[in-house]
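Asker: sequence and predicted structure, then a few things I'm wondering about:
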Amino acid sequence: MTRLATRSLYFGRTALRGISASPVTSAVAVATIAVCLVLVGVFALLLFNMEGLLERFGGDLHVTAYLEPGLSVQRQRELADLAHSVEGVAAVRLVSEQEAFERFRSGVAHGAAYLDGLGENPLPASLEITLVPARQSAEGMTVVVESLDGLEGVEDLMSGHDWVEGYLRALALVRGLGVGLGAILADATLLIVANTIRLAVVARRDEIEILSLVGASPGFVRVPFLLEGLLQGAAGGAVALALLFGLFSLGLPGFAFGLELVLGGAVPNFFSGEQALALVGSGAFLGLLGAGGALAGGLRS
Amino acid sequence: MKFGRRLGRGAASLPGGDAAIRAYHVSKSYAAGSFALRDVSLEVGRGEFVFLTGPSGAGKTSLLKLLFAAEHPSEGQILVLGRNVARLGHRAIPDLRRRVGVVFQDFKLLERRTIEENVGLALDVVGMSRRDARAKVFAILKQLGLQHRRQHHPLSLSAGEQQRVAIARALVNEPEVLLADEPTGNLDPDLTVEIMDLIASAATRGTTVLVATHELGLVSRYGKRTVCLEGGRITEDSRPQGTTV
């Protein structure tokens, strides 16, 4: 066995021994970390689902420019070319009056017979303008609307600009709350882990002294404590993940109405594998950081 | 080299060439004007056994603390195994301590660890594999007659056995120097002799041994070199007749 493996085993054994030596303190630390991460996790879940919704609907976001009746085909094509040259436009489709009428007819199905009573086609020709993915946003649509607004032959412009803008504001609010809460709870987690490790250091001061006497380097003494913080953080993350999954699976029906408002009827998703790993990893990282803070400048003999 | 020049001047007044411990005009003060050690010069050869005697507060423990780099001298230089303890950085101290075993009056054993684990601590820090460490711990415990107690915890052992465990921990890494600070202070007379015999046997295997004690009866029983400290100064350095360093 290599020296590194021997040392790793020693550090692992010592860290686990440290945790089991003060089970109540360790359990309180893990539970507190878990509660903090559950709160952050709820915001993260909401945020990821809202972002996912925007991505799903983003492909459908487009601008429609309704053209004046009786506009020549040449002018219609000129306007289509002009629209295509606007920054962020991926494609422009010219929909003739006749095509618009046919679409409408197929859309109303059983009511199609009533359309036969119309003397002439009341629907205008239009340009359906699709944006490149990077510009499928309120800003991207604003650029297109402002470029075409007022041009000769363009009667009206429609876009999902207002809806997207409102949704983005809601998203920013959730993100802001999540980040703010996350920062506060991360501080609380750091404090809790740091205090737990400080208690462990005090409880094991004899061991630290003896290790130092037999030639242990400061790093050798510190590593088990850091590992202890990391393990407590990771355990807190894992518990938080399990609690979130339980809440998501069992508690979601109770929030169906609220979610309907926020997610617009889309089916909410739980964390992906990578996101779940990131939650546990962030717990471990906070644990490590807290332990590091507790030991900073502390163990010199 | 700056230190080399200082060393040369001090060494001229001290006997011996291949020394394990050399102290040159060492003083240690904890508060202004209050000296625990004052102008102490001492040389201990490799494999030599030396008693450090003197009344309580004479400076014995202070000198030992300087030798295993628990503290730095206020003045003077100390060489232990060729390393200048006075200038040893924090990173270098562990290396020195792996070569210097220390035994205390209060044993300093971990109550929650087994005897095997307590002794094995000295091997854990050097990264020895568990299998090798167990073999080595068994060997030293057997040598000290404690192999059957290796899975016990310190508090279930007698004081003499606990001190033997502490000696085993100090010796398991085969140190070049063994320092013992009142190792028999908590033991009855029979156990005192038993423990001192164990410590003395380390010297016969080439380990330099420095034992701080105030028990003069013990010192006379072994007839070894004796350095007497009083008020932080060396007042006597007597060698048994017919021996040289």
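Answerer: Arrived safely, thanks for sending.

Asker: what residues does chain B put near chain A?
Answerer: Selection of chain B residues close to chain A by Cβ under 8 Å from any Cβ of the partner chain yields B:68, B:70, B:90-91, B:93-99, B:102, B:108-110, B:112, B:121-122, B:124-131, B:169, B:173. Heads up, the C-betas are built off the backbone N, CA and C, glycines and all.

Asker: taking those one by one, which sit in strands?
Answerer: Judged by DSSP state E, the residues of chain B next to chain A include B:V102 as members of strands.

Asker: now list the buried members of the residues of chain B next to chain A.
Answerer: Among those, those scoring as buried are B:68, B:70, B:93-94, B:96-99, B:102, B:108-110, B:121-122, B:124-128, B:169, B:173 (criterion: 16 or more other Cβ atoms under 10 Å in any protein chain shown).

Asker: in helices, which of those residues fall?
Answerer: Those of these mapping onto helices are B:93-94, B:96-97, B:121-122, B:124, B:169, per DSSP state H.

Asker: would you map the strands across the stretch 51-200 of chain A?
Answerer: All strands of the stretch 51-200 of chain A, identified by DSSP state E, counting those that start in this stretch, fall at A:62-67, A:89-95, A:126-131, A:154-158.

Asker: count of neighbours near B:T235?
Answerer: B:T235 has 12 neighbouring residues, counting by other Cβ atoms under 10 Å in any protein chain shown.

Asker: work out for me the element it sits within.
Answerer: In this assignment (DSSP states H and E), B:T235 forms part of strand B:233-238.

Asker: without its sequence neighbours, what residue ends up closest to B:K60?
Answerer: With Cβ to Cβ, 6 or more residues apart in numbering or on different chains as the criterion, B:K60 has its nearest non-adjacent residue at 3.9 Å, and that residue is B:A212.

Asker: show me what contacts residue 210?
Answerer: Since no chain was named, I'll use chain A. A:I210 is in contact with B:108-110, B:121, counting by Cβ atoms under 8 Å, 6 or more residues apart in numbering or on different chains.

Asker: wait, chain B
Answerer: Residues near B:L210 by Cβ under 8 Å, 6+ apart: B:21, B:44, B:50, B:52, B:64, B:67, B:177-180.

Asker: again, 7 Å this time
Answerer: By Cβ atoms under 7 Å, 6 or more residues apart in numbering or on different chains, the contact set of B:L210 is B:21, B:44, B:50, B:52, B:179.

Asker: so which of those residues wins on neighbours?
Answerer: Most neighbours among the contacts of B:L210, by other Cβ under 10 Å: B:L52, with 28 neighbours.

Asker: which element is the residue lying closest to that one once chain neighbours are set aside on?
Answerer: Spatially, and ignoring its direct neighbours in sequence, B:L52 is nearest to B:A212 (4.4 Å; Cβ to Cβ, 6+ apart). B:A212 belongs to strand B:208-213 when assigned by DSSP H and E.

Asker: and the next helix or strand past that strand?
Answerer: Scanning forward in sequence from strand B:208-213 by DSSP H and E, the next helix or strand is helix B:216-222.

Asker: helices or strands next to that next one in the packing?
Answerer: strand B:49-53, helix B:189-204 (3 or more Cβ pairs under 7 Å, 6 or more residues apart in numbering or on different chains; DSSP states H and E).

Asker: list the contacts of the closest residue to chain B within the stretch 1-150 of chain A.
Answerer: Per Cβ to the nearest Cβ, the residue of the stretch 1-150 of chain A with the smallest distance to chain B is A:R3, at 4.1 Å. A:R3 sits next to B:G127 when contact means Cβ under 7 Å, 6+ apart.

Asker: could you report the pLDDT at residue 233?
Answerer: All of this is about chain A. At A:G233, the model reports a pLDDT of 94.

Asker: please refer instead to chain B.
Answerer: According to the per-residue confidence, B:R233 scores 94 in pLDDT.

Asker: alpha carbons of the strand holding B:A212, in CSV - could you do that?
Answerer: Output in CSV follows, covering the C-alpha atoms of strand B:208-213 (Å, rounded to 0.1, in the frame of the first residue of the first chain):
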residue,chain,number,x,y,z
THR,B,208,20.9,9.0,23.6
VAL,B,209,18.9,9.3,26.9
LEU,B,210,18.3,12.4,29.0
VAL,B,211,16.2,11.8,32.1
ALA,B,212,15.0,14.7,34.2
THR,B,213,14.4,13.6,37.8
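
Asker: list the neighbouring strands of that strand plus their orientation.
Answerer: Note on strand B:208-213: by DSSP bridges, its sheet partners are strand B:49-53 (parallel), strand B:177-181 (parallel).

Asker: quick one: closest of those to B:V40.
Answerer: strand B:49-53 (10.5 Å; Cβ to Cβ).

Asker: for the residue in the stretch 101-250 of chain A positioned nearest to chain B, which three-state class applies?
Answerer: Of all residues in the stretch 101-250 of chain A, A:G215 sits closest to chain B, at 3.5 Å by Cβ to the nearest Cβ. Secondary structure, DSSP: H, G, I helix; E, B strand; the rest coil: A:G215 is coil.

Asker: spit out the contact partners of it.
Answerer: By Cβ under 7 Å, 6+ apart, A:G215 lies in contact with B:94, B:97-98, B:125.

Asker: what do you get for B:R97?
Answerer: Applying Cβ under 7 Å, 6+ apart, the residues contacting B:R97 are A:213-215, B:68-69.

Asker: tell me if the lengthiest helix in chain A is near chain B.
Answerer: Counting residues, the longest helix found in chain A (DSSP H) is helix A:161-203. No: no part of helix A:161-203 sits near chain B under the criterion Cβ under 7 Å from any Cβ of the partner chain; the closest distance found is 10.4 Å.

Asker: which elements pack onto that helix?
Answerer: helix A:23-58, helix A:138-148, helix A:218-246, helix A:273-295.

Asker: now for the shortest one, which elements pack on it?
Answerer: To tie it back to what came earlier, the one meant is helix A:138-148. Judged by 3+ Cβ pairs under 7 Å, 6+ apart, helix A:138-148 is in contact with strand A:62-67, strand A:126-131, strand A:154-158, helix A:161-203.

Asker: buried residues in it?
Answerer: Residues A:138, A:140-141, A:143-145, A:147-148 are the ones in helix A:138-148 that count as buried (16+ other Cβ under 10 Å).
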